[in-house]
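>>> got a structure for you, letters missing:
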Ligand code: ACM
């Protein structure tokens, strides 16, 4: 194992001789203005595992010296380890924090544990110079906590894992047909009635089987404040998503007046217990608009992020076609069709958010019927939506499902614990290129970055999320952070070599990743591979 097996790969790294700097009980940290949160993080994280006090000291006395160097980019850093200690400078506070992540990797995999294995072991950092900066400003991961709830502790752990991979956006999918997960004080039934469902489809949507146990949970507003502050201290922005006007059956269950009451009896809709695209969408009425303005008003108090995600995906228009109210609205607004009605919905919140100094982002369906003026697009159905949006001057986050939906299977065959979707191996993710060749250089500047998405229909718990996310999130973080060559020219063998070290870090962190050789070696004996298990749900 080589301590310089850094992931994501830095722009420049050089080994400065054979020696190393040894931390001891006298090692202190000096925190230049703005770097105090990173000093606290180092003291907490490295202090726990090394059992060294790492006290605050003056710059003259400290061996770990943190500083801002405005000549560097905001997220860039320079890390030098010499016989006098560790000099870590960042262009901004975030850069210093990313440099601290590199410093932890340089201490070896045991630095990723929460307590030492043996008392009094030596902790040494090799003499090295690292100069580094990210390729993209948006390096995101989405976690769907609506399909399966992740208790707060797991969310905080997930944020720590993002930080360890230098990812800086946590897209928090907080509502869907199957559950509402955030306390909204003025609408208590959203969490009282819509945060639990009575049963859950077992397996993917084609399955005929249900798990008959109730499932649910939600975050109080104080939980959300804690999560946001925890992420902020790690230079991660939390972008909340409230999905509308589709994927809203849980909200309609709690407040039936939000649905198309002139088409169906919305008072009988449960919190949905299966997967797929749900026909029961929000009614395009003033009641609905005012309701969601109320939701977003509380969210803006909780989430300081510039971007607020409003979903916009997979909204079937059948009920609007049948609804006299929706049709009257189309006529009154002079719209052409139901697609334009969806655009009207999204535009309303685009304006509403812009007036409050925020920006709307939505899935690429928000292009249909015309994109709202300030909207940014999460391009998920492929690159197409992102290309169209970028060419029209809109900002884009590239997260095509064919490439970076990490809920999708990691190998062919049915041995995978979550055998759904496209096969995307670790190498496939490593060779993912967020900027498509169809964009000119100027258009490509609208690609804010890229994001990996974790939908949790068939990921019931943290162990499943770990398995799907890792090790692929390590490949993804290098795509998002490092300046890599074109996909075919990427040195995957070198990445794999560095992954040998990274697996030891993930082991120390306790991440339940997919083993590189696959999950169940005994199942791959001839004749056993792919044998259907009686009663198991069919896979998609
Ligand atoms: C999505 O995957 N429906 C955004």
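Perfect, I can see it now. Predicted model only: the values in this text are computed from it and were never measured. Numbering: from 1, shown residues only.
>>> any weak-confidence spans in the stretch 301-450 of the chain?
Low-confidence segments of the stretch 301-450 of the chain (pLDDT under 70): 414.
>>> For it, which segments are assigned as strands?
Secondary structure of the stretch 301-450 of the chain (DSSP state E, counting those that start in this stretch): strands at 307-311, 359-363, 376-379, 396-398, 447-454.
>>> Looking at the ones you listed, which is nearest to the ligand?
Nearest to the ligand, of all the strands of the stretch 301-450 of the chain, is strand 359-363, at 4.4 Å by Cβ to the nearest ligand atom. Using the backbone N, CA and C atoms, a C-beta is placed for each residue, glycine as well.
>>> ok now that closest one, how far from the chain's centre?
Strand 359-363 has its C-alpha centroid displaced from the chain centroid by 15 Å (Cα atoms, centre = their mean, to the nearest Å).
>>> ditto for stretch 63-72
28 Å.
>>> Kindly check the end-to-end length of that stretch for me.
One end of stretch 63-72 to the other measures 22 Å (Cα to Cα, to the nearest Å).
>>> Can you give me the buried ones in it?
Applying a neighbour-count criterion of 16 or more other Cβ atoms under 10 Å, one finds 63-69, 72 buried in stretch 63-72.
>>> export the strands of the stretch 301-450 of the chain to CSV and tack on distance to the ligand and mean neighbour count?
Shown next, in CSV, are the strands of the stretch 301-450 of the chain (distance: least, Cβ to the nearest ligand atom, whole Å; neighbours: other Cβ atoms under 10 Å):
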stretch, distance to the ligand, mean neighbour count
strand 307-311, 8, 23
strand 359-363, 4, 24
strand 376-379, 7, 26
strand 396-398, 12, 29
strand 447-454, 7, 24
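>>> now those in a markdown table, with distance to residue 187?
Shown next, in a markdown table, are the strands of the stretch 301-450 of the chain (distance: least, Cβ to Cβ, whole Å):
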| stretch | distance to residue 187 |
| --- | --- |
| strand 307-311 | 17 |
| strand 359-363 | 21 |
| strand 376-379 | 26 |
| strand 396-398 | 29 |
| strand 447-454 | 27 |
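>>> Near the ligand, which residues of the protein? Just list them.
Within the chain, the positions adjacent to the ligand are 313-314, 363, 380 by Cβ under 6 Å from any ligand atom.
>>> make it 8 Å
Residues of the chain lying near the ligand by Cβ under 8 Å from any ligand atom: 247, 311, 313-314, 363, 378, 380-381, 401, 405, 453, 455.
>>> Which stretches in the stretch 351-500 of the chain count as helices?
For the stretch 351-500 of the chain, the helices defined by DSSP state H, counting those that start in this stretch cover 384-391, 401-404, 426-430, 441-444, 462-469, 472-481, 492-509.
>>> before we move on, what about the stretch 151-300 of the chain?
Per DSSP H, counting those that start in this stretch, the stretch 151-300 of the chain carries helices over the ranges 152-164, 189-192, 221-232, 249-254, 286-302.
>>> who does the longest one touch, helix- and strand-wise?
Applying 3 or more Cβ pairs under 8 Å, 6 or more residues apart in numbering; DSSP states H and E, one finds that helix 286-302 contacts helix 221-232, strand 237-244, strand 307-311, helix 338-355.
>>> Low-confidence ranges, the stretch 1-150 of the chain, go.
For the stretch 1-150 of the chain (pLDDT under 70), the answer is 1, 3.
>>> For it, just list every one of the helices.
With helices called from DSSP H, counting those that start in this stretch, the stretch 1-150 of the chain shows them at 36-50, 93-106.
>>> Of these, which stretch is the most buried?
Sort the helices of the stretch 1-150 of the chain by mean neighbour count, taking mean count of other Cβ atoms under 10 Å, and helix 93-106 sits at the top with a mean of 24.
>>> and the direction of it versus that of helix 152-164, what angle?
On the basis of axes from the mean of the first three to the mean of the last three Cα atoms, to 10 degrees, helix 93-106 is oriented at 90 degrees to helix 152-164.
>>> now helix 93-106: how far from the chain's centre is it?
For helix 93-106, the distance to the chain centre is 20 Å (Cα atoms, centre = their mean).
>>> picking that back up, may I see the helices of the stretch 151-300 of the chain organised as TSV, with mean neighbour count added?
Shown next, in TSV, are the helices of the stretch 151-300 of the chain (neighbours: other Cβ atoms under 10 Å):
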stretch	mean neighbour count
helix 152-164	20
helix 189-192	18
helix 221-232	17
helix 249-254	26
helix 286-302	16
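>>> In a markdown table, list those along with distance to residue 90.
Formatted as a markdown table, those follow (distance: least, Cβ to Cβ, whole Å):
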| stretch | distance to residue 90 |
| --- | --- |
| helix 152-164 | 14 |
| helix 189-192 | 39 |
| helix 221-232 | 16 |
| helix 249-254 | 42 |
| helix 286-302 | 28 |
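>>> Figure out which of these is closest to residue 273.
helix 249-254 (10.1 Å; Cβ to Cβ).
>>> To what extent is the residue of the stretch 201-350 of the chain found nearest the ligand buried, counted in neighbours?
Residue nearest to the ligand within the stretch 201-350 of the chain: residue 313 (4.0 Å; Cβ to the nearest ligand atom). By the criterion of other Cβ atoms under 10 Å, residue 313 has 17 neighbours.
>>> Now it: closest residue in space that isn't a chain neighbour?
Once flanking residues are discounted, residue 313 sits nearest to residue 363: 3.6 Å by Cβ to Cβ, 6 or more residues apart in numbering.
>>> what's the nearest residue to the residue nearest the centre of the chain if we skip its chain neighbours?
Residue closest to the mean C-alpha point of the chain, counted by Cα atoms, centre = their mean, is residue 141 at 1.8 Å. In space, and not counting its chain neighbours, residue 141 is closest to residue 452: 5.1 Å by Cβ to Cβ, 6+ apart.
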